[in-house]
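Chemist: structure for the following, please:
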Amino acid sequence: MPRPQKHVFICTQNRPQGHPRGSCAANGSAEVINEFINQIQNRNLFDKIALTNTGCLGPCTLGPSVLVYPEGVLYARISKDDVTTIIDQHLLGGEVVEQLQASSEIW
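Modeler: From the prediction side, this is the model:
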């Protein structure tokens, strides 16, 4: 298998309900990662995109968080409806999706 061009990390941190930091899992990260998996499979993008679920990436109250390397771009408050845009515009098109990007104060 060739080395992928992009590596996507999706926070799936799960904390108890009511935890002061919140968690990406409580905000729907399972739906986000499942949508990435489905699209990567359906579009046969295995040679272009690697996908890894991860623990906390930092901005818990702004989750689900999606981190894209090699650029080091963090997306915040991502929903499953944002996945197509991230894949098409950033992962395949090379352009950061600015309206989904975490603010510079966060990342």
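Chemist: surely residue 40 is in a strand?
Modeler: No: secondary structure of residue 40 (DSSP: H, G, I helix; E, B strand; the rest coil): helix, not part of a strand.
Chemist: SS state for the residue lying farthest from the centre of the chain?
Modeler: Ranking residues of the chain by C-alpha distance from their mean position (CA atoms, centre = their mean) puts residue 18 at the top, at 23.2 Å. When classified by three-state DSSP, residue 18 comes out as coil.
Chemist: got the buried residues for the helix or strand that contains residue 30?
Modeler: Taking DSSP states H and E as the criterion, residue 30 maps to helix 29-42. The neighbour-count check on helix 29-42 (16 or more other CB atoms under 10 Å) flags 29, 30, 32, 33, 35, 36, 39, 40 as buried. C-beta: built from backbone N, CA, C; applies to glycine.
Chemist: format those as CSV; extra columns: pLDDT.
Modeler: As requested, the buried residues of helix 29-42 are arranged in CSV below (pLDDT from 0 to 100):
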residue, pLDDT
29, 96
30, 96
32, 98
33, 97
35, 98
36, 98
39, 98
40, 97
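Chemist: out of those residues, which comes closest to residue 55?
Modeler: residue 29 (11.0 Å; CB to CB).
Chemist: next, find the distance separating that closest one from residue 93.
Modeler: The gap separating residue 29 from residue 93 is 24 Å, by CB to CB, to the nearest Å.
Chemist: okay, residue 1: pLDDT?
Modeler: For residue 1, the pLDDT comes out at 65.
Chemist: coming back round to it: let's see the helix holding residue 30 as PDB, backbone CA atoms only.
Modeler: Extracted C-alpha coordinates of helix 29-42, given in PDB (Å, rounded to 0.1, in the frame of the first residue of the first chain):
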ATOM      1  CA  SER A  29     -17.600  12.200  16.800                       C
ATOM      2  CA  ALA A  30     -18.800   8.600  16.100                       C
ATOM      3  CA  GLU A  31     -21.000   9.900  13.200                       C
ATOM      4  CA  VAL A  32     -18.100  12.000  11.900                       C
ATOM      5  CA  ILE A  33     -15.600   9.100  11.900                       C
ATOM      6  CA  ASN A  34     -18.200   6.700  10.400                       C
ATOM      7  CA  GLU A  35     -18.900   9.200   7.600                       C
ATOM      8  CA  PHE A  36     -15.100   9.500   6.900                       C
ATOM      9  CA  ILE A  37     -14.900   5.700   6.800                       C
ATOM     10  CA  ASN A  38     -17.900   5.300   4.500                       C
ATOM     11  CA  GLN A  39     -16.600   8.000   2.000                       C
ATOM     12  CA  ILE A  40     -13.000   6.700   2.000                       C
ATOM     13  CA  GLN A  41     -14.400   3.200   1.200                       C
ATOM     14  CA  ASN A  42     -17.000   4.200  -1.300                       C
END
